[in-house]
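> this one's structure only:
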């Protein structure tokens, strides 16, 4: 992948997080309607769709601190999604879409965590000045 400028990166990540939500919701609709699955589906539906919503809000934040706060929420939701995908993988160990989306949750969490760390460094540097 070629290097993106900051605007392109934000747009790319907004599209990626939206696709994650859509793919997650489609998967959840296709799973068996068992009690155990429905419990996980409810939680995963909320967390997977919240990743992109909070990332989008962060990109429209009113300050660097607001950006950092909303970004941390997006990262936490990605982490929660990764957890629920681990649970689903335990319930459906041979399901390839569960594995693939679980990996996407981990990648999004790691990416957002990296952005959070970078934002914290920039914020503390600007406060020291």
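Cool, got the structure. Only a predicted model underlies this, so the values are computations on that prediction, with no experimental measurement involved.

> what's the average pLDDT for stretch 32-45?
What stretch 32-45 shows for mean pLDDT is 96.

> Could you list the buried residues of that stretch?
Going by neighbour count (16 or more other C-beta atoms under 10 Å), the buried part of stretch 32-45 is 37, 40-41, 44-45. No exception for glycine: its C-beta is placed from N, CA and C like everyone else's.

> Stretch 8-18 too?
In stretch 8-18, counting by 16+ other C-beta under 10 Å, buried: 10, 13, 16-18.

> how distant is stretch 81-89 from the center of its chain?
13 Å (C-alpha atoms, centre = their mean, to the nearest Å).

> What are the buried residues along it?
For stretch 81-89, the neighbour count (16+ other C-beta under 10 Å) marks 81-85, 87-88 as buried.

> in the top helix by length along the chain, what counts as buried?
Criterion DSSP state H: the longest helix present in the chain is helix 96-128. Within helix 96-128, the residues that count as buried by 16+ other C-beta under 10 Å are 98, 101-102, 104-106, 108-109, 111-113, 115-116, 119.

> remind me which residues of this structure are low pLDDT?
Across the chain, the ranges flagged by pLDDT under 70 are 1, 123-129.

> And the helices in it, which stretches?
Listed in chain order, the helices of the chain (DSSP H) span 6-30, 35-59, 64-91, 96-128.

> Can you check what angle separates the second one from helix 6-30?
It stands for helix 35-59. 160 degrees (axes from the mean of the first three to the mean of the last three C-alpha atoms, to 10 degrees).

> Which other helices and strands does helix 35-59 contact?
helix 6-30, helix 64-91, helix 96-128 (3 or more C-beta pairs under 8 Å, 6 or more residues apart in numbering; DSSP states H and E).

> Let me see the residues that make contact with that helix.
10, 13-14, 17-18, 20-21, 24-25, 28, 31, 66-68, 70-71, 73-74, 77-78, 80-81, 84-85, 87-88, 91, 101, 105, 108, 112 (C-beta atoms under 8 Å, 6 or more residues apart in numbering).

> now the first one
The contact list for helix 6-30 (C-beta under 8 Å, 6+ apart) reads 4, 41, 44-45, 48-49, 51-53, 55-56, 59, 74, 81, 97-98, 101, 104-105, 108, 111.

> and residue 26, how many residues sit next to it?
The local packing of residue 26 (other C-beta atoms under 10 Å) involves 11 other residues.
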